[in-house]
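S.K.: Can you look at this prediction? I've put the sequence above it.
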There are 2 protein chains.
Amino acid sequence: MNPETLFWLVPLASVIALAFAAVFFFNMKKADEGTDRMKEIAGYVREGAMAYLKQQYKVVALVFVIIAIIFCVMAAFDMQNHIVPVAFLTGGFFSGLAGFIGMKTATYASGRVAQACRDEQDGLNRGLKLAFRSGAVLGLTVVGFGLLDISGWYLILDNTGLIEAEGISRLVEITTIMLTFGMGASLQALFARVGGGIYTKAADVGADLVGKTEYHFNEDDPRNPATIADNVGDNVGDVAGMGADLYESYAGSILASAALGAAAVAGMHIADAQAAYDTGLKMVMAPMIIGAVGAILSVLGIFIVRTKQGATQSQLMAALNRGINFSGVLIALAAAAVLYLLGIENWLGLWGSIVIGLVVGILIGKVTEYYTSFEYKPVKFIAENATTGPATVIISGIGVGMISTCWPVIFIVLGTIGAYLCAAGEFMFTGENMSMGLYGIGIAAVGMLSTLGLTLATDAYGPISDNAGGNAEMSELGESVRSRTDALDALGNTTAATGKGFAIGSAALTALALLASYIEEIKIAALRFGETFSPSFFSNDLINSAELAKMNIAQFMAKFDVTLMNPKVLLGIFVGAMLSFLFCGLTMNAVGRAAKSMVEEVRRQLSDKDVFEGRKKADYARCVGISTQGAQREMIVPSMIAVIVPIATGLLLGVPGVFGLLAGGLAGGFVLAVFMANSGGAWDNAKKFIETGDADFCGKHTPVHDASVVGDTVGDPFKDTSGPSLNILIKLMSMVSIVTAGLNVAFSLL
Amino acid sequence: MNPETLFWLVPLASVIALAFAAVFFFNMKKADEGTDRMKEIAGYVREGAMAYLKQQYKVVALVFVIIAIIFCVMAAFDMQNHIVPVAFLTGGFFSGLAGFIGMKTATYASGRVAQACRDEQDGLNRGLKLAFRSGAVLGLTVVGFGLLDISGWYLILDNTGLIEAEGISRLVEITTIMLTFGMGASLQALFARVGGGIYTKAADVGADLVGKTEYHFNEDDPRNPATIADNVGDNVGDVAGMGADLYESYAGSILASAALGAAAVAGMHIADAQAAYDTGLKMVMAPMIIGAVGAILSVLGIFIVRTKQGATQSQLMAALNRGINFSGVLIALAAAAVLYLLGIENWLGLWGSIVIGLVVGILIGKVTEYYTSFEYKPVKFIAENATTGPATVIISGIGVGMISTCWPVIFIVLGTIGAYLCAAGEFMFTGENMSMGLYGIGIAAVGMLSTLGLTLATDAYGPISDNAGGNAEMSELGESVRSRTDALDALGNTTAATGKGFAIGSAALTALALLASYIEEIKIAALRFGETFSPSFFSNDLINSAELAKMNIAQFMAKFDVTLMNPKVLLGIFVGAMLSFLFCGLTMNAVGRAAKSMVEEVRRQLSDKDVFEGRKKADYARCVGISTQGAQREMIVPSMIAVIVPIATGLLLGVPGVFGLLAGGLAGGFVLAVFMANSGGAWDNAKKFIETGDADFCGKHTPVHDASVVGDTVGDPFKDTSGPSLNILIKLMSMVSIVTAGLNVAFSLL
């Protein structure tokens, strides 16, 4: 079939996804909002969240404008394509918009979910469906906007006179420009994750430390002044932050694969220009169309998720899994059909890569579940260590988290080998097939993320149920309602953990694919810049741009000496690995500082006996303000490091240094992210295990429980601030290197 | 001057170092041992330590025999030089012997130091001198045995008929074989560090958790049954473990530089065979002779360390620093003379590399001090966070530790660039000068470690004073004595932290240099094996051994495609980074498990009122037994991972995979090690700061202090088990890859 006909599936899928997002949104708005008290609580959370986002977008907009101006200057000096600044801005805009809509939905939904849970007959099912479909608004918005941005840019670049090149070079240029909107999305996502992560954990840690540990309040006790801030935090961190993050992963994986596909065909040096273009077009279209098919089938999966009253945890989990498995199988089948219909020669091999991506995503999710769910040994081991106090809880949690990095790395390694082998036919670096192998890795990431509409729905579902529980507690709706919202919330914790596995797994594959795109961008920048250029600041050598453009990846790497004995590469790897730690350290301390102000404020308010005994309303707004200011102040430095270091490395150490930086950052960041996410998740559930009372040492408000609360509190910034921000750091550094490759080439001539 | 004449400085320095070690040892033995109670306590510690070492060496000997047999088989099949198994065993033997002697000395010295501190006139000075000179026994033993092993092997290999090759190839072969005794030393060191680290921290954590936190005992209260085990632990972990570790670093850096020097000259393809040999000989001799000169001048420095009664912390520190600075300056001057006398062409450049190594070592030490001493902001920040409970202590300590990785990495990066530039004349990868640049990096490590005789004395001094304090407390010697031993001990904490900076810094440089030795070993193995071989399991390509032998580093790397886009390299980097985390996770959990048994035992004993009130003697031996068994059981798995993974990676992913593994492990391990050591040190001193009472929130036995004890307890395995073991892991993986390179080549032919 003609790829250009199949391509229309992409805008179509975008429209379908956005239409269903709208339907779910308006259906949710029609649901009963409950009592006046419930409306009041929901209103506080909504106001707080919107006030935060407004403030956040102001700061981010300023940064975007500054960077866009710099890009305009670079474009004016021909260091960059002139469309880059615009592409950069649209990426940031859509990423932010997806987060905004998701959060708006979540803050409307949570009160209504609490109200749905009040139904004694069918409350659990109604609550689950409402929460899940509200979560689906985020999932479908992300996917819909992603496909819209991709198909829109492709149509603009292909059908206007903006691109002069013809044949396969045209496709290479189009896809590389499109990749740069990924940088806008990445940067927006980083701000959302870091800012939101600091906000939510400052509030959470502050609320827990005083409320739970010092005053033995329950979660979400209305007397606790930080409660509203805590609930706001779930929305700005876990909904808006997660949405922006995965928007970027989703678009990034599709765009990186498309760019790799074009580059792979360009590297084959097919004599017949038309044949080369046709082959390239199929490779460029494939990831987009597979994404589109995935989006449509995810919508189907959403309708399958339902449960019955009194369902157990595993029944609830089964309800969610049914939807995911159903869509996953359909998508796998549909992807085979798409590749076959496109008439790609090695369609079976590429299909293998896609299936491997899907499977690796699921396996990483399962490992995450093993290490973070209290059904299994590791969490129980941490819980047992609570009997000897908080120190052993921390030691064992860190131990478990570090050990838990083993399997995800093995899966990524095996998955990468598998995807490469399937696509290239052999696992060799040299030879013609290497670009195809890398394309296989990219398309495996597309496969992993093809169910995103659905998996993101299960992610966003978590904070919505959490907030529903908060609303129920603060509105004093009674035990039975609270027990239903608790059941929904507990499920949310597991889906959040597996969702993080997906996010980091896809980030690793996408970042691997982006490494190859950096090569293409250097080639394009060199051609744009002049006939020759010098490979780095320290060098007197000159490289011929036209010759460079014809090199395959192996030749390029040899020309720039990007080998592991080149000290510049090794130093880049050191800096990359260090950067992940520095970034985490800065965000951890940011949470620590903001939480400290929060603790002091909560202690101050509760020292008033009227507030403590519930006669006087706590001043929620002050706590919301503390979190907002803390997050805004603290998010700038870590985010800017991610932008500045790759540029500085490029200028000082040249292409080998940048490769080292990206590889070191990728490997170090991946492992560190898995460690932090899993330690955090395991501590959280170790505490929950102790609360269940299932073992003889368990029980609430015992010293053992107190020890486990320390673990949970430490885990909060691990799993919700530093860990997930690393996914984005990894990709943003690659994106920045790609977009500023021209600067790199230009500077070397000074 | 004739290099072969200057070479005799090496055995001479070895004899001088060992002679002074003996003098200090017998002088110490002559000192007064104090009261019967003091003798009894010292006896318990000595017995416990010896019992542990006996058990440890049994297990290690078994592992060594098994590996030596495997090596014999490999040698029989020509996959390895026939001398390798013997060299491997001697490395392990001397490494263990150095640790053993150091520990024997420490256990004799600590009681005597306590006795010396009882002198009301000159106690502090006498205690300092005795403790320091006893520490110097370890420092000089390590240096003496290192130089003995090196010069002995060189003489044997050069003067017997074992090596047939002539000219520069002879030097390449000799130095590469000598390198393999580094693997024996590394493996012994890993067992000593991991086993000792688990032992000491299980005892420490167990003693603190029950004694300090639950019963509010003071440190080393004789009623606490784990006290003796805790004191034994300081000896087996911090003395024997540290000694074995630095023996390996010291010998490794000299041997790696010598091997690089020979390889660099071989790569120049000098036509005149005699001229080539002469040039090569100078390069091979230089690191050995500089080490020898350093050893002799360190002895001088030792005699400078003295202080006066009532000296403050900073005066004590100044006393130690005077010795180190004095020796450092002298060594720098002497190194210039040695290089000049040897007649090395670029003697000034190489001298620059050595000075850079010395300076980087000092700078890393200073940064470590900044992040771990309570004189500065970071530790005070953690102490402040204790006011909001243990969770914020942990969060801020992890944050500080992660941020603290930034400067050490920058110093290593700048130092590496500097050392490379000085030696090679330009910072380029290609060109003739690259091998010289790498030689510069190796010789920078030699420079950093040239003061080892002295710096290691300051390290070993720490646990000796700590034990002296323990002896004073248990023998109830009174406040004034205890205050003097406390002053000595506090100083020991700072020197321990800076010592760790040195250990990890030199490990990074040595490991960088070892990467180049791996290349030489692959070349030699290929020549030994046959005319052609296949580069890896997945490959059908064939490589010609003779051609390979002639390649320079850049050509070698290009031939094997060890570039950063080769998926095998990238996957190796992932696995390497993960391995550091896995290793730390396993050792953290090992400490957790062993500490838990200890806690239960201590609780059981203290539940007996007679023990608690001091009427009945606590059963120290049981606690010693628990630590011993725990350490032996838990050290096997992590140590074996370090041996097996590089071999498996070599077999599956070939040379590119091994390079990736080593680079990923090196960068990831370095950063992780700095983070863990500094977090641990900072927590320790945050607690000490709170104990000083210098800020308004301070004071012992307050909730703030309790919170800081949690941090200290978590920090124990960070800084004394997992963190320092990583130094060795990094180097051992390189050593294993080098020694088993033949297997790698052979397997690819199956």
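M.R.: Looks like it arrived, so ask away.
S.K.: contacting residues for A:Thr455?
M.R.: A:Gly139, A:Ile324, A:Gly499, A:Phe502 (C-beta atoms under 8 Å, 6 or more residues apart in numbering or on different chains). Backbone N, C-alpha and C define where each C-beta goes, glycine included.
S.K.: how deep is the last one tucked in, by neighbour count?
M.R.: Counted with other C-beta atoms under 10 Å in any protein chain shown, the neighbours of A:Phe502 add up to 26.
S.K.: so who does whichever residue of the stretch 151-300 of chain A sits closest to chain B touch?
M.R.: Using C-beta to the nearest C-beta, the single residue of the stretch 151-300 of chain A nearest to chain B is A:Leu209, 5.8 Å away. A:Leu209 is in contact with A:Ala595, A:Val599, A:Thr713, B:Thr388, B:Gly389, B:Ala391, B:Thr392, counting by C-beta under 8 Å, 6+ apart.
S.K.: So which of these wins on neighbours?
M.R.: A:Ala595 (33 neighbours).
S.K.: Do me a favour and get the end-to-end distance for stretch A:339-358?
M.R.: This stretch, stretch A:339-358, spans 16 Å end to end (C-alpha to C-alpha, to the nearest Å).
S.K.: For the stretch 601-750 of chain A, give me the ranges with low pLDDT.
M.R.: Residue ranges of the stretch 601-750 of chain A with pLDDT under 70: A:698, A:746-750.
S.K.: one more time with 80, if that's ok
M.R.: Scanning the stretch 601-750 of chain A for pLDDT under 80 picks out A:614, A:692-701, A:742-750.
S.K.: In which helix or strand does the residue in it that chain B sits nearest to reside?
M.R.: Here the residue of the stretch 601-750 of chain A nearest chain B is A:Thr713; by C-beta to the nearest C-beta that distance is 3.7 Å. Per DSSP states H and E, A:Thr713 falls inside helix A:703-717.
S.K.: Can you list the residue ranges for strands in chain A?
M.R.: Taking DSSP state E, the strands of chain A run over residues A:532-533, A:543-544.
S.K.: mind putting those in JSON lines, distance to chain B included?
M.R.: JSON lines is the format used below for the strands of chain A (distance: least, C-beta to the nearest C-beta, whole Å):
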{"stretch": "strand A:532-533", "distance to chain B": "16"}
{"stretch": "strand A:543-544", "distance to chain B": "12"}
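S.K.: where among the ones you listed is the average confidence lowest?
M.R.: If you rank those by mean pLDDT, strand A:532-533 sits at the bottom with a mean of 76.
S.K.: in its sheet, what does it sit against?
M.R.: strand A:543-544 (antiparallel) (DSSP bridges).
S.K.: chain center to the strand it pairs with: distance?
M.R.: How far strand A:543-544 lies from its chain's middle: 38 Å, per C-alpha atoms, centre = their mean, to the nearest Å.
S.K.: what sits up against that strand?
M.R.: Contacts for strand A:543-544 (C-beta under 8 Å, 6+ apart): A:Ala526, A:Glu531, A:Thr532, A:Phe533, A:Ser534, A:Pro535, A:Lys559.
S.K.: Report the separation between the closest residue to the last one other than its chain neighbours and chain B.
M.R.: Counting by C-beta to C-beta, 6 or more residues apart in numbering or on different chains, A:Met551 is the residue found nearest to A:Lys559 once chain neighbours are left out, at 6.3 Å. Per C-beta to the nearest C-beta, to the nearest Å, A:Met551 is found 12 Å from chain B.
S.K.: who are the neighbours in contact with A:Val236?
M.R.: For A:Val236, the contacting residues are A:Ala49, A:Tyr52, A:Leu53, A:Gln56, A:Met103, A:Gly195, A:Gly196, A:Tyr199, A:Thr200, by C-beta under 8 Å, 6+ apart.
S.K.: As JSON lines, the residues you listed with neighbour count and distance to B:Leu662 would be great.
M.R.: Output for these, formatted as JSON lines (neighbours: other C-beta atoms under 10 Å in any protein chain shown; distance: C-beta to C-beta, whole Å):
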{"residue": "A:Ala49", "neighbour count": "28", "distance to B:Leu662": "48"}
{"residue": "A:Tyr52", "neighbour count": "27", "distance to B:Leu662": "46"}
{"residue": "A:Leu53", "neighbour count": "24", "distance to B:Leu662": "46"}
{"residue": "A:Gln56", "neighbour count": "25", "distance to B:Leu662": "43"}
{"residue": "A:Met103", "neighbour count": "31", "distance to B:Leu662": "45"}
{"residue": "A:Gly195", "neighbour count": "33", "distance to B:Leu662": "38"}
{"residue": "A:Gly196", "neighbour count": "35", "distance to B:Leu662": "38"}
{"residue": "A:Tyr199", "neighbour count": "36", "distance to B:Leu662": "41"}
{"residue": "A:Thr200", "neighbour count": "31", "distance to B:Leu662": "39"}
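S.K.: Show me which positions of the helix holding A:Thr713 end up buried.
M.R.: Within helix A:703-717, the residues that count as buried by 16 or more other C-beta atoms under 10 Å in any protein chain shown are A:704-717.
S.K.: Mind giving me the packing neighbours of it?
M.R.: Judged by 3 or more C-beta pairs under 8 Å, 6 or more residues apart in numbering or on different chains; DSSP states H and E, the packing partners of helix A:703-717 are helix A:167-206, helix A:377-385, helix A:390-403, helix A:567-606, helix A:620-692, helix B:390-403.
S.K.: would you turn those into CSV with distance to B:Thr35?
M.R.: As requested, the helices and strands packed on helix A:703-717 are exported to CSV (distance: least, C-beta to C-beta, whole Å):
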stretch, distance to B:Thr35
helix A:167-206, 51
helix A:377-385, 41
helix A:390-403, 35
helix A:567-606, 48
helix A:620-692, 48
helix B:390-403, 39
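S.K.: can you tell which of those helices is closest to B:Gly294?
M.R.: When the helices and strands packed on helix A:703-717 are compared by C-beta to C-beta, helix A:567-606 sits nearest B:Gly294, at 25.3 Å.
S.K.: ok, and the most crowded of the contacts of A:Thr455?
M.R.: Taking other C-beta under 10 Å as the neighbour criterion, A:Gly139 ranks highest of the contacts of A:Thr455 with 34 neighbours.
S.K.: While we're on it, how confident is the model there?
M.R.: pLDDT, read off for A:Gly139, is 92.
S.K.: For it, give its distance to chain B.
M.R.: The spacing between A:Gly139 and chain B, counted by C-beta to the nearest C-beta, is 29 Å.
S.K.: is it true that that residue touches A:Leu456?
M.R.: Yes. Contact criterion C-beta atoms under 8 Å: A:Gly139 and A:Leu456 qualify, at 3.7 Å.
S.K.: Quick check: chain neighbours aside, which residue is closest to the residue of the stretch 151-300 of chain A closest to chain B?
M.R.: In this structure, A:Leu209 finds its nearest non-sequential neighbour in A:Val599, 5.3 Å apart by C-beta to C-beta, 6+ apart.
S.K.: From B:Ser110, how far out is the one you found?
M.R.: Distance, A:Val599 to B:Ser110, using C-beta to C-beta, to the nearest Å: 43 Å.
S.K.: Please apply the same query to A:Pro408.
M.R.: Taking C-beta to C-beta as the measure, A:Pro408 falls 46 Å from B:Ser110.
S.K.: okay, those two: which has more neighbours?
M.R.: Neighbours per residue (other C-beta under 10 Å) separate A:Pro408 from B:Ser110, with B:Ser110 holding more: 32 against 29.
S.K.: Pull the contacting residues for A:Met474.
M.R.: A:Arg37, A:Ile41, A:Asp220, A:Asp221, A:Pro222, A:Thr227.
S.K.: What of A:Gly252?
M.R.: A:Gly182, A:Ala185, A:Ser186, A:Thr510, A:Leu514, A:Lys731, A:Met735.
S.K.: and the residues you listed as TSV, adding distance to A:Ala472?
M.R.: Shown next, in TSV, are the contacts of A:Gly252 (distance: C-beta to C-beta, whole Å):
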residue	distance to A:Ala472
A:Gly182	40
A:Ala185	36
A:Ser186	37
A:Thr510	39
A:Leu514	44
A:Lys731	38
A:Met735	42
